[in-house]
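> turn this into a model:
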Amino acid sequence: MIYKVLYQTSELDNPRREFTHSLYVDAASSIEVRQAVEKNTDYEIEFIQELDEQHLEYEKKNPDFKLTEF
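Numbering: from 1, shown residues only. The predicted structure is shown next:
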């Protein structure tokens with residue numbers, strides 16, 4: 001399953017929509033995604049969303065789309 005992770009790059013700043021970033025991870029569950037992101041980055045995770053096929057196809061149209069591997 002592909003998950004979209006919305007995050008802030010710093011946990012010291014107040015979260016603001018303008019500074020929210022996203023990455024995409026292929027994993028078996030959202031728990032695995034959270035563990036991988038927390039282990040390998042200093043990001044402040046806001047939300048993890050499982051993408052269905054239609055949403056994934058939409059996200060793939062974005063030129064910045066790429067799967068992140070840890």
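
> now for the longest helix along the chain, which elements pack on it?
Longest helix of the chain, by residue count under DSSP state H: helix 30-40. With contacts defined as 3 or more CB pairs under 8 Å, 6 or more residues apart in numbering; DSSP states H and E, helix 30-40 has these neighbours: strand 2-8, strand 21-26, strand 44-50. In this view, the C-beta of every residue, glycine as well, is placed from N, C-alpha and C.

> give me the contact list for it.
Applying CB atoms under 8 Å, 6 or more residues apart in numbering, the external contacts of helix 30-40 come out as 3, 5, 7, 23, 25, 27, 43, 45, 48, 50, 70.

> helix, strand or coil for H55?
Secondary structure for H55, judged by DSSP: H, G, I helix; E, B strand; the rest coil, is helix.

> I meant E59, not that one.
helix.

> local confidence estimate at it?
For E59, the model assigns a pLDDT of 96.

> measure the residue lying closest to it once chain neighbours are set aside to Q49 for me?
Leaving aside its sequence neighbours, E59 sits nearest to F65 (CB to CB, 6 or more residues apart in numbering; 5.5 Å). To Q49, F65 is 14 Å away according to CB to CB, to the nearest Å.

> ditto for T9
According to CB to CB, T9 stands 19 Å off from Q49.

> could I get the phi/psi values of E11?
The phi and psi values for E11, taken as degrees, to the nearest 10, are phi -80, psi -10.

> for I45, see how far away it is.
9 Å.

> likewise for D13?
Taken as CB to CB, the span from D13 to I45 is 14 Å.

> before we move on, what about Q54?
24 Å.

> contacts only, for the closest residue to Q49 other than its chain neighbours.
Computed as CB to CB, 6+ apart, the closest residue to Q49 that is not its neighbour in sequence is K4, at 4.7 Å. Contacts for K4 (CB under 8 Å, 6+ apart) come out as 22-24, 48-49, 51, 59.
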